[in-house]
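**Q** dropping the sequence and predicted coords here.
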Amino acid sequence: AVGVAGGPEKCRYVVEELGFDACIDHHDPDLPNLLARACPKGIDVYFEGDSITRRCGALDYPEFLAHWNRSFHGWNAGNFGWGGDRTENILWRLASGELDGVNPKVIVLLAGTNNVGKEPGDEAKVKDVTQGLQAIVDACRKKAPAATIVLVAILPRNDNPAVVPTLARINANLAKMAEG
């Protein structure tokens with residue numbers, strides 16, 4: 001397994017403590033070449049998102065990792081989810097070269113929950129989160145024009161059920177995005 005982290009110390013942790021075979025520093029200006037060397041068969045299914053995405057292929061969540069391995073073994077899948085990320089963090093990573101030269105067949109995007117927060121949002125928040133997700137989709141289309149993009153709805157949460165109507169409004173906008 002190849003990990004991606006921000007900085008040499010975090011990369012050391014990923015390899016030495018979490019047991020990954022290698023780790024790529026996403027701050028390194030040579031990121032596309034590092035990815036090509038670490039993943040010589042390429043990445044066919046590219047997962048992008050926040051901590052929900054990250055947990056799917058993370059060694060620190062063994063039951064999720066077991067499911068990841070059963071589900072995606074042999075698919076050349078790469079998980080680029082980061083804990084706590086908001087849409088602007090994902091956009092920064094994409095602008096900084098994370099997807100450059102990867103050319104996946106499929107991009108799975110699950111993000112936006114951290115922009116929503118723990119309190120119900122007004123229409124301005126719904127619009128902001130929707131626009132952030134649209135910007136990520138646009139960036140992915142630009143960097144990987146042949147990829148099929150799977151835009152996953154923001155999942156329901158149990159930290160505050162009052163947020164569910166906000167999620168529903170954002171998800172309705174995401175459904176329109178997927179249709180057009």
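**A** Yes, it's here. Numbers count the residues shown, from 1 in each chain.
**Q** next, count neighbours for the nearest residue to G121 once chain neighbours are set aside.
**A** Distances taken as CB to CB, 6 or more residues apart in numbering place T166 nearest to G121, at 4.2 Å, with adjacent residues excluded. From N, CA and C alone the C-beta is placed, and that goes for glycine too. By the criterion of other CB atoms under 10 Å, T166 has 21 neighbours.
**Q** what stretches of this protein score poorly on pLDDT?
**A** Within the chain, the segments meeting pLDDT under 70 span 179-180.
**Q** if we use 90, what do you get?
**A** Low-confidence segments of the chain, defined by pLDDT under 90: 1-7, 10-11, 13-43, 50-84, 96-98, 100-102, 156-160, 177-180.
**Q** so which residues of this protein form helices?
**A** Under the criterion DSSP state H, the chain contains helices at 8-16, 31-38, 51-56, 62-72, 87-95, 113-116, 123-143, 164-179.
**Q** buried residues in the fourth one?
**A** Residues of helix 62-72 classed as buried under the neighbour-count rule (16 or more other CB atoms under 10 Å) are F64, L65, W68, F72.
**Q** neighbours around the spatially closest residue to the third one that is not a sequence neighbour, how many?
**A** The spatial neighbour of W68 that comes closest, neighbours along the chain excluded (CB to CB, 6+ apart), is G57 at 4.4 Å. The local packing count at G57 equals 22, with neighbours defined by other CB under 10 Å.
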